[in-house]
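> Structure for this input, please:
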Amino acid sequence: MKKQSKHLTASSFNALTVRQKKAIYDDCEQLSPLTKGVPLSAAQRSQHRRARRRAGRPTVGEGAEKVRISIERGLLRQTDALAAQSDVTRSQVIATALRRLIADAA
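Numbering: from 1, shown residues only. Below you'll find the predicted structure:
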């Protein structure tokens, strides 16, 4: 089918014959790269992975893992106070303490 010189509106599309509508439909179906079944190139796979990646904070180190632990209420209050005083998060205070404990044990 010949390319349309102007955009189709709903009313102008409805005014077309069934044969013309079918030709437009078939033309649109052939434009899809998926109909050919061609595998993605390495660059396209990389681009696809980047596009699918969830938005969020960048990975630090090996990444973070959420863990559920039990801490005495008083110790947790002291941890939160230290975090507020140092302008860091509770997780950063605990991670710093663990790093120091591991370094001292080595």
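> Could I get the full set of helices for the protein?
According to DSSP state H, the chain carries its helices in the segments 10-14, 18-30, 42-52, 73-86, 90-105.
> quick one: average confidence on the third one?
By that I understand helix 42-52. Along helix 42-52, the predicted local confidence has a mean pLDDT of 90.
> thinking again about what came up before, of all the helices of the chain, which lies closest to residue 64?
Taking CB to CB, helix 90-105 is the member of these nearest to residue 64, at 8.1 Å. Every C-beta, even on glycine, is put in place using the N, C-alpha and C of the backbone.
> Count the residues that sit near the closest residue in space to residue 16 that isn't next to it in sequence.
The shortest distance from residue 16 to any residue other than its chain neighbours is 7.5 Å, reached at residue 24 (CB to CB, 6 or more residues apart in numbering). The number of residues packed around residue 24, counting by other CB atoms under 10 Å, is 14.
> which residues touch stretch 40-55?
When contacts are taken as CB atoms under 8 Å, 6 or more residues apart in numbering, stretch 40-55 has no neighbours outside the stretch itself.
> Using PDB, write out every CA atom in it.
These are the backbone C-alpha positions of stretch 40-55, laid out as PDB (Å, rounded to 0.1, in the frame of the first residue of the first chain):
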ATOM      1  CA  LEU A  40      19.100  -9.300  19.200                       C
ATOM      2  CA  SER A  41      22.700  -8.200  18.600                       C
ATOM      3  CA  ALA A  42      25.000  -7.800  21.500                       C
ATOM      4  CA  ALA A  43      24.500  -4.000  21.500                       C
ATOM      5  CA  GLN A  44      20.700  -4.500  21.500                       C
ATOM      6  CA  ARG A  45      20.900  -7.100  24.300                       C
ATOM      7  CA  SER A  46      23.000  -4.700  26.400                       C
ATOM      8  CA  GLN A  47      20.500  -1.800  25.700                       C
ATOM      9  CA  HIS A  48      17.600  -4.100  26.600                       C
ATOM     10  CA  ARG A  49      19.200  -5.100  29.900                       C
ATOM     11  CA  ARG A  50      19.800  -1.400  30.800                       C
ATOM     12  CA  ALA A  51      16.200  -0.500  29.900                       C
ATOM     13  CA  ARG A  52      14.900  -3.300  32.100                       C
ATOM     14  CA  ARG A  53      17.100  -2.400  35.100                       C
ATOM     15  CA  ARG A  54      15.000  -1.000  37.900                       C
ATOM     16  CA  ALA A  55      15.600   2.600  38.800                       C
END
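> With that, I have no additional questions.
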